[in-house]
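Chemist: structure, please.
(chains A and B)
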Amino acid sequence: MKLNIEGLLVYFPYDYIYPEQYSYMLELKRTLDAKGHGVLEMPSGTGKTISLLSLIVAYQRAFPLDVTKLIYCSRTVPEIEKVVEELRKLMEFYAKETGERNNFLALALSSRKNLCIHPEILHANIVVYSYHYLLDPKIADLVSKELAKKSVVVFDEAHNIDNVCIDSMSVNITRRTLDRCQNNVDTLQNTIQKIKETDAAKLREEYRRLVEGLKEANVARETDIYLSNPVLPDEILKEAVPGTIRTAEHFVGFLRRFLEYLKSRLRVHHVVQESAPQFLKDIFDKVCIDRKPLRFCAERLQSLLRTLEIADIADFSAVTLISNFATLVSTYSQGFTIIIEPFEDRTPTIANPVLHFSCMDPSIAIKPVFQRFQSVIITSGTLSPLDIYPRILDFRPVTMASFTMTLNTFNVCLCLVALSSKFETREDFAVIRNYGNLLLEMSAVVPDGIVAFFTSYVYMENIVASWYEQGILENIQRNKLIFIETQDAAETSMALEKYQEACENGRGAILLSVARGKVSEGIDFVHHFGRAVIMFGVPYVYTQSRILKARLEYLRDQFQIRENDFLTFDAMRHAAQCVGRAIRGKTDYGLMIFADKRYARADKRGKLPRWIQEHINDGSLNLTVDETVQLSKHFLRQMAQPFRQEDQLGLSLLTLEQLESEEMLQKITQIAHQT
Amino acid sequence: QNMYSGHCELQSFAPLTESSISQSTMASLSEEVLLVVKKVRQRKQDGTLYLMAERVAWGPEGKDRFTVSHLYADIRCQKISPDGKAKIQLQLVLHTGESTTFHFANESSALKDRDATKELLQQLLPKFKKKANKELEEKNRMLQEDPVLFQLYKDLVVSQVISAEEFWANRLGGINNTDPAVVNNKQEVGISGAFLADIRPQTDGCNGLRYNLTADIIESIFRTYPAVKQKYSENVPHNLTEKEFWTRFFQSHYFHRDRINTGTQDIFSECAKQDEKGLKSLVIQGVKNPLVDLLSLEDKTLDEGYGICTTLPSTSNANKTVKESSNSAIIKRFNHHSAMVLAAGSRKGVFTSLLTASSSETSSTDGNSRDSDFFQPPVKKVKLQEAIEYEDLQRENRPKTVALNLKKSDRYAHGPVPLQSQHYTTSQDIINSVNYIRHEMMNYKPNLTEVLSSTAASSAIAALSPGGVLMQAGAQQAINQMVPTEVQGELKHLYVAAGELLRHFWSCFPVNTPFLEEKVMKMKSNLERFQVTKLCPFQEKIQRQYLSTNLTGHLEEMLQTAYSKFHIWQTRRMMRKT
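Modeler: Below you'll find the model as predicted:
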């Protein structure tokens, strides 16, 4: 159908439309009109992607000078491929409706192995790739730095974007890294020696360039051609490379000294935590390395590698890592912490020292994106509470809205079971047995597939062992086959496929899985692959980690976000991700069971997305296992009735005429929940 | 401490080899006797137990007749008294639920006698069991599903016109042998996921555990763990007896969860290794559905050394505690078990192929069912399309249809004969015609000058109504209306029964074997018996009710035709003989 969205002609490749899709496009258009950023939450299965694509493509066609490019970032490879398929569908629809061949160029990058696209990326109208291409400075510098300012950037499935940002800026250094780095430095030394004998002019030319400084890059940045690189701070663009590391040999010597210093730091016997300035002071005291050459380290190394015409940069990943660390630690006095751990907590007898240089501020990595591009859209099925993302990513959105799934009848049955799993009591025999009984009872009443999530892998292992000893698993096996996520991705993939096979052939199966694990983040359990999801416990992050503690402290001091608020927000977004795995559309239905009484508390409930909250009522709170079973039976019987398009039409499914009626337009404006 | 002192109460096992049966064969009497055991008491009477080709029998001492005789097919299972009990007994449980207990009373060899009997029964019973059950089930099913057949069965067998065997003789053909397609298409029964749970041990009171095994459980074990089956065929009976084998199985670490310390003397340690190998090859093969492939889920862009949590739990076994590795062994085992159960259920002849192929790294041990039709190369595209499809957003494009609403389905079944294909009307046609007729009717203008006068019209209607002048010729209708429904029903049953008997009769021609000769004679007398016991009483009955006797005329005619055919055949035969 062809839609009129506040004067914009939008081609939408379906005969019907969900009201929330229309509402979503409306908000999106307003964001683009305002040339600002937006935060939009809409549950999965409501056709978010096609709404985004339809609207932005229409916008690009209508205002080619205002929006030149769409940069669509998603998280997983299948997600990226799905976007491409939806785009293809849209393009076919355009071709059919307008009768003209499309001159739109879309480009998808789905693996760094195929990285050879630099010129194309500049010309494409639409680029689809993974977050890292934009957020990881090491890659963004190669792929994305010349993308036009007038691009619209979309981060889909963005509920974890802060972690991606942090990951891309953090560095871990082990003994092995240092050993490999040592080898790299030796190789560099030898290569320099050789070139010196054969082609000394080349090195002299490099020296001359370095005296000139990074003027070129500076000009480029000032004229706004490039996306800025957080590893290449503004200050050093204006200065020449310091004399101490200007010649190749000096630089290699410098690297050696730095390396020796790091080795000495790894020889600690107790945990050390310090800030970047403390680290810089120590390195100056011990080995007289100044802050300034450290800042140039990454850039200086790149120059050297280019000069030496080294083909395979991958071999030099260790020395690259070290020099990136050097630059970061000397550039950012805030937002990072250094933790040196001599051994893993679990195995205090085995020395395995690691230097963590952890980024605590996700806004550092994403700042260039917000600064450069006129519209950045953060969207996902779970972004609640919406206001937390602008705070931790440090930006000012023009729109923030949350949409729910409109339905004729509820296709979700939500149960909050009053079981306890507080950290102190969760090893309790009774708790484990209650969990087991719940799963056992559900395995008898729910058809096909059930997915159960635990709060951590170790916890799941222990529960599985207890259930095995108590004979609970055997009883469950009478109803369904059992598959369990393991820490090996290949093994889990196999289990997943078998799980689907068992659901497919009617035998039915249960998948035991882990919140924050790969399954919970990337696998959908549509229709019969997931008729019930059970979330055992509240998936809090492991709070004993020093890195997390440092981050919580930082959030409190810098953003005034209380530790508990953040931890709960984080736990709830993961819980929502887990239970959301099973409902992937309006024709889908399933049970969502939160098996922990803490979910009933207002501070937890309030942080769940609106599309989950609206299913919570007094009848679904504080249930016993028996009540849950009764509720489920009733619900499943209702849901077994055929789903008919006629029943949905006019309510949760609209024809063009229905959409255009005054009354419906009125209703639609209320769908978007503004904050 | 070894808790598993292992009594296995054996109920029945899969058949062993044919040769072992003939070893104990003792030919005598008219029936083949396979085993004779003396000094066996039954109901406190001394006597002798005979195991014959098709039945087990017992006769009291000094008498030459059997007071107990059971066909093997009637026996559901045998049970034996546990070792160490004073009385050495063997019990036969019948399908009917009755049971017979034999007490082996020979002081010197009681145990040996009992075990010999048990072993032989163990080999014999399964052969008859399957056949008998299957047949009985099938017969039951046929009678239940087909009311006409059931009535026929009552008319002919229950009233003893023909014997049950005769009745089934050429009906069961299809079940037993002839149609291989039917047999092969039969859906294979899968394995219960919890079959291991069904062998929960019970304590026997003296520091031991007792596991109850049935043939079904053993088959499940073999199908799920082909490596065990292989061990079984390698070791039983030459190295171990069955009992020893299963005792060791339950004692082994293989059966128990912590498979991490399988000792070398454990014959099942190899099985664990094979399972491991199978699981590995399964994992290495990878998955066919790209949407569940966790390995290619992420566009892995973080290089080594970057990121927050690269040093979370190291997977090396070195720094795992014993508990942790035993926990992960359980998890591995559940995944493997489920995969194998799934595979065993969806493949045919799995475990025979597994046996032969278990040493090579071919597909079979891995538990992968290779649903190759399901996951073909363009699978990725298909899966993606599926994933992005919103079926409810699309208008259904099927042509409009009229829903078929059957109020009386029998009228539909016996209704008009199917039209020729060119006369077939599509739903669209019907809709069009309805519209057309509606349109016609709206514009209908009666041509009043050319209609019948009302008197002529009403007399025509009267003539065409039941009882009218023009309706007299309808003789069939007369039967419908003149004969009470009860008689009609009876007549129908007579027709069906007669038809069945006649079918048997005519199927004997041409009579070219002695068997058929015998049968045709029997069938003729069956027909006569039918006439006397069924047809004649019916005729008398309708006479009593003053109904037209020619109701049965056609039936008699059919019987007469058969009789005369029989006479012609008999006279010819006599002539040939003389």
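Chemist: all contacts plus neighbour counts: C-alpha atoms, from now on.
Modeler: Will do.
Chemist: what is the least confident helix or strand in chain B?
Modeler: Lowest by mean pLDDT, DSSP states H and E among the helices and strands of chain B is helix B:19-23, with a mean of 33.
Chemist: pull up the residues of the stretch 451-600 of chain A that are close to chain B.
Modeler: A:461-462, A:464-465, A:474-484, A:486, A:489-498, A:502, A:518-519, A:522-523, A:585, A:587 (CA under 8 Å from any CA of the partner chain).
Chemist: how about the helices in the stretch 451-600 of chain A?
Modeler: Using DSSP state H, counting those that start in this stretch, the helices found in the stretch 451-600 of chain A span residues A:457-469, A:472-479, A:489-504, A:518-522, A:546-559, A:563-580.
Chemist: winner for burial among these?
Modeler: Across the helices of the stretch 451-600 of chain A, averaging neighbours per residue (mean count of other CA atoms under 10 Å in any protein chain shown) puts helix A:489-504 on top, at a mean of 23.
Chemist: need the contact partners of that one.
Modeler: The contact list for helix A:489-504 (CA atoms under 8 Å, 6 or more residues apart in numbering or on different chains) reads A:448-449, A:481, A:483-486, A:508-511, A:528-529, B:282-284, B:286-287, B:289, B:292-295, B:335, B:339, B:342.
Chemist: PyMOL command to pick out the buried ones of those?
Modeler: Command for PyMOL that selects the buried part of those, burial taken from 16 or more other CA atoms under 10 Å in any protein chain shown:
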select buried, (chain A and resi 448+449+481+483+484+485+486+508+509+510+511+528+529) or (chain B and resi 282+283+286+287+289+292+293+294+295+335+339+342)
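Chemist: show me where the stretch 301-450 of chain A dips below the pLDDT cut-off.
Modeler: Where the stretch 301-450 of chain A drops to pLDDT under 70, the residues are A:408-409, A:421-427.
Chemist: model confidence over stretch B:59-66, on average?
Modeler: Across stretch B:59-66, the average pLDDT comes to 83.
Chemist: measure that stretch end to end?
Modeler: 4 Å (CA to CA, to the nearest Å).
Chemist: which of the residues in stretch B:59-79 are classified as buried?
Modeler: So stretch B:59-79, judged by 16+ other CA under 10 Å, has buried residues B:Gly59, B:Pro60, B:His70, B:Tyr72, B:Ala73, B:Asp74, B:Ile75, B:Arg76, B:Cys77, B:Gln78, B:Lys79.
Chemist: would you list those residues in JSON lines and tack on distance to B:Gly278?
Modeler: Below are those laid out as JSON lines (distance: CA to CA, whole Å):
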{"residue": "B:Gly59", "distance to B:Gly278": "55"}
{"residue": "B:Pro60", "distance to B:Gly278": "57"}
{"residue": "B:His70", "distance to B:Gly278": "46"}
{"residue": "B:Tyr72", "distance to B:Gly278": "41"}
{"residue": "B:Ala73", "distance to B:Gly278": "40"}
{"residue": "B:Asp74", "distance to B:Gly278": "42"}
{"residue": "B:Ile75", "distance to B:Gly278": "40"}
{"residue": "B:Arg76", "distance to B:Gly278": "37"}
{"residue": "B:Cys77", "distance to B:Gly278": "36"}
{"residue": "B:Gln78", "distance to B:Gly278": "37"}
{"residue": "B:Lys79", "distance to B:Gly278": "37"}
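Chemist: can you list these in JSON lines and add secondary structure?
Modeler: Shown next, in JSON lines, are the buried residues of stretch B:59-79 (DSSP: H, G, I helix; E, B strand; the rest coil):
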{"residue": "B:Gly59", "secondary structure": "strand"}
{"residue": "B:Pro60", "secondary structure": "strand"}
{"residue": "B:His70", "secondary structure": "strand"}
{"residue": "B:Tyr72", "secondary structure": "helix"}
{"residue": "B:Ala73", "secondary structure": "helix"}
{"residue": "B:Asp74", "secondary structure": "helix"}
{"residue": "B:Ile75", "secondary structure": "strand"}
{"residue": "B:Arg76", "secondary structure": "strand"}
{"residue": "B:Cys77", "secondary structure": "strand"}
{"residue": "B:Gln78", "secondary structure": "strand"}
{"residue": "B:Lys79", "secondary structure": "strand"}
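Chemist: what's the closest residue to B:His95 other than its chain neighbours in contact with, if anything?
Modeler: In this structure, B:His95 finds its nearest non-sequential neighbour in B:Arg76, 5.1 Å apart by CA to CA, 6 or more residues apart in numbering or on different chains. By CA under 8 Å, 6+ apart, the residues touching B:Arg76 are B:Leu92, B:Val93, B:Leu94, B:His95, B:Lys129.
Chemist: TSV please, covering the helices of the stretch 451-600 of chain A and showing mean pLDDT.
Modeler: Formatted as TSV, the helices of the stretch 451-600 of chain A follow (pLDDT from 0 to 100):
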stretch	mean pLDDT
helix A:457-469	91
helix A:472-479	92
helix A:489-504	92
helix A:518-522	88
helix A:546-559	92
helix A:563-580	93
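Chemist: pick out the residue of the stretch 251-400 of chain B closest to chain A.
Modeler: At 3.9 Å from chain A, B:Gly307 is the closest residue in the stretch 251-400 of chain B, using CA to the nearest CA.
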